[in-house]
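1. Pasting the sequence and the predicted model now:
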Amino acid sequence: MDVIVCVKHVPETAEAEIKIDSSGKSIEKAGLVFDINEWDDYALEEAVRIKEKFGGTVTAITVGSEEAESTLRKCLARGADQAIRVDGKAFEGSDGYATAKILHRAIKDMHFDIILTGMQAGDDGYAVVGPVLAEMLGIPHATMIKKIELGEGVAKVNRELEGGLEEKVEVKLPALFTVQTGINEPRYVSIMGIRKAMKKEIKVLGLADIGLTENDVGEAGSWIKIEKLFIPPVEKQAEFIKGSPEEVAAKIAEIIKAKGLV
Amino acid sequence: MREIFVLTEHRRGQIRDVTFEMLTKGRELAEETNTELTAVLLGKDVKEYAKTLSEYANRVLVVEDTKLENFNSEAYQKVLANLINERKPLLTMMGHTSYGVELAPSLATALNLPLATDCIDLTFENETFFVTRQMYGGKVNVRAVVRKSESYIATVRPATFQPQKPESMNGEITEIASPLTEEITEKRFIEYVLPPPGGVDITAADVLVGIGRGIKDEKNLPMMEELAKALGGVLACSRPIIDKGWLPSDRQVGTSGKTVKPKLYIAVGISGAFQHVLGMKNSDLIIAINKDPNAPIFSFADYGVVDDLFKIVPQLKEKIYELKGQKA
């Protein structure tokens, strides 16, 4: 089984304070820690597990600048055999659609049985790259996958629906699956793995290499264009309780008591 | 007259709420753009639904086929592509749900129409289509302009629009012959997989301590358990805790877990992504503890504490026992 896994290098923002930058179209990136997109991390793990069970190769690919190489190095350290980075100045402003076009051109002549990627990225959250890429490649797809069982020419996959429900679907291979978090437990990288990964070459492709023009990518080649970012309007604001931890705890306890819950 | 399509989402014998939310927003958009609202209904033996939908839309288009009995994006895409090509709606809306996420991107690609996903607002201004959506787990909103097109597709975030039944709407029901003459070969629905029966019913608890990514490590679970115990409540959680396997999936609150309405919900280290908030925002009293002052959870909480949860939680447990006149 040859597996391609599409990954994205994103800022970790779940616990960080976010500020909008002076352009109003992006956030201030300084001080943020970048890493592999959380969903892609699970996709990568699933790819490596498939290789371990069935043999074959894992190729990690990303659309991103040189900084994104740390994410590809992580993929190599975790068990990917090769890594490709597609880079270009014109890519800036690409939405999920334009990104899928770039990936399509880079992937279309490669051999693969399965393509995996995260169901969405933690930064822009479009949730479109996977299925768009599948449509461009002319292969079936299934999204929000919680389980993959591979058979002869087909895969049985569990898709996450709402409220704890899942559906089991059979999909013909080759196919693309977008992975939901929690599908597996991503492994830690061994020191050996990191050392080996540092020596591996990362292939870099540019706009011309993939046969696209500037009009195909970036804002020009996208479905949607960001006009401005703004902090979500607050409908209701919590009353903030201030003081030392002990004072705060005492006040909360009183509030809970006043409601008759203690 | 041109139309706005709303794709009906239904599963296991029920029309899902997001459908009525979209029909409500769709009606507003139809008025603004001088178009008609059309509910699109695909399924098998779904005429009953068509009647309900006709009370919300100018028209209901019904396509029935055994191949449409359960949702299958391959089958849905073929039918919708036909309908969109023939009728050229100004906009096609579907839920940003497990169905919409599976269907919309490939449909839009196949039809070469622009798609905006996970929209929390949609508006046409001077014949330009604008959407509002969120980034960074709901910490930032984005206003975006959609590439000019004759027809657009958008997925709409569930529970964003309040469903309202119009006073007098009696849409015409039109049956359309299924275009699915060939077998659906690439993707096949097998079965629904129900969640395993759980040990703890968090929907029955009066007090829930909801924990999230902020608790950092599994070794901090006992500290949270102790707070829950002091309050006579149980632990619930957001998605990352389940993904890491620290609590069983029956403790998950949110769109992919349970909806809870306890008397008290203490959110500890939960930033408040909408997937979680939808499951707990109707709790009687919400107290949130988070170190990020801009965490979205604070716009849903009654009381907020911006501090290190590891300092607050043990103190809070002590104070609760003090009030109860017990020793921890």
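-> The structure has been received and is ready for your questions.

2. wait, doesn't residue B:113 sit right on residue B:154?
-> No: between residue B:113 and residue B:154 no contact is recorded; they are 10.4 Å apart, counting by C-beta atoms under 8 Å. (Each C-beta comes from the backbone N, C-alpha and C, glycine too.)

3. Between the two, which is the more surrounded one?
-> residue B:154 (27 against 20; other C-beta atoms under 10 Å in any protein chain shown).

4. Could you confirm that one falls within a strand?
-> Yes: counting by DSSP: H, G, I helix; E, B strand; the rest coil, residue B:154 is located in a strand.

5. Now do it against chain A, distance only.
-> Residue B:154 sits 10 Å away from chain A, taking C-beta to the nearest C-beta, to the nearest Å as the criterion.

6. All the helices of the stretch 151-300 of chain B, in order from the start?
-> When assigned using DSSP state H, counting those that start in this stretch, the helices of the stretch 151-300 of chain B occupy the ranges B:221-230, B:239-243, B:274-277.

7. out of those helices, nearest to residue B:299?
-> Among these, helix B:274-277 comes nearest to residue B:299, with 9.0 Å by C-beta to C-beta.

8. Just name the most buried of the helices of the stretch 151-300 of chain B.
-> Ranked by average neighbour count under the criterion mean count of other C-beta atoms under 10 Å in any protein chain shown, the helices of the stretch 151-300 of chain B are headed by helix B:274-277 at a mean of 24.

9. got the phi/psi numbers for residue A:199?
-> With angles defined as degrees, to the nearest 10, residue A:199 sits at phi -80, psi -20.

10. swap in residue B:120?
-> Note on residue B:120: its backbone torsions stand at phi -110, psi -10 [degrees, to the nearest 10].

11. re the thing from before, could the helices of the stretch 151-300 of chain B go into TSV alongside distance to chain A?
-> Written out in TSV, the entries for the helices of the stretch 151-300 of chain B read as follows (distance: least, C-beta to the nearest C-beta, whole Å):
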stretch	distance to chain A
helix B:221-230	9
helix B:239-243	4
helix B:274-277	10
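
12. now those helices as JSON lines including mean pLDDT?
-> Output for these, formatted as JSON lines (pLDDT from 0 to 100):
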{"stretch": "helix B:221-230", "mean pLDDT": "97"}
{"stretch": "helix B:239-243", "mean pLDDT": "95"}
{"stretch": "helix B:274-277", "mean pLDDT": "93"}
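
13. Quick one: closest of these to residue A:83.
-> The closest approach between residue A:83 and any of the helices of the stretch 151-300 of chain B, judged by C-beta to C-beta, belongs to helix B:239-243 at 25.1 Å.

14. Let's see the closest one as PDB, backbone CA atoms only.
-> Taking Å, rounded to 0.1, in the frame of the first residue of the first chain, the C-alpha atoms of helix B:239-243 are listed here in PDB:
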ATOM      1  CA  ARG B 239     -13.100  16.500  22.500                       C
ATOM      2  CA  PRO B 240      -9.300  16.500  23.100                       C
ATOM      3  CA  ILE B 241      -9.700  14.500  26.400                       C
ATOM      4  CA  ILE B 242     -11.600  11.800  24.500                       C
ATOM      5  CA  ASP B 243      -9.100  11.800  21.600                       C
END
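
15. what distance separates that helix from the centre of its chain?
-> With C-alpha atoms, centre = their mean, to the nearest Å as the basis, helix B:239-243 stands 18 Å off its chain's centre.

16. And for that helix, what's in contact with it?
-> For helix B:239-243, contacts defined as C-beta atoms under 8 Å, 6 or more residues apart in numbering or on different chains pick out A:14, A:181-182, B:211-213, B:215, B:247-249, B:251-252, B:254, B:256-257, B:275-276.

17. Buried subset of those, written for ChimeraX?
-> The buried subset of these, as determined by 16 or more other C-beta atoms under 10 Å in any protein chain shown, is captured in ChimeraX by this line:
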select /A:14,181,182 /B:211,212,213,215,247,249,251,252,254,256,257,275,276
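
18. out of the contacts of helix B:239-243, which are inside strands?
-> Assignment to strands by DSSP state E places the following of the contacts of helix B:239-243 there: residue B:211.

19. how many neighbours does residue A:104 have?
-> Using other C-beta under 10 Å, residue A:104 has 18 neighbouring residues.

20. And the pLDDT for residue B:156?
-> With respect to pLDDT, residue B:156 scores 98.

21. And it, how far from chain A?
-> 13 Å.

22. Spit out the contact partners of the nearest residue in space to residue A:75 that is not next to it in sequence.
-> Counting by C-beta to C-beta, 6 or more residues apart in numbering or on different chains, residue A:60 is the residue found nearest to residue A:75 once chain neighbours are left out, at 3.6 Å. Taking C-beta under 8 Å, 6+ apart, we find residue A:60 in contact with A:4, A:5, A:7, A:44, A:72, A:75, A:76, A:80, A:82, A:83, A:84.
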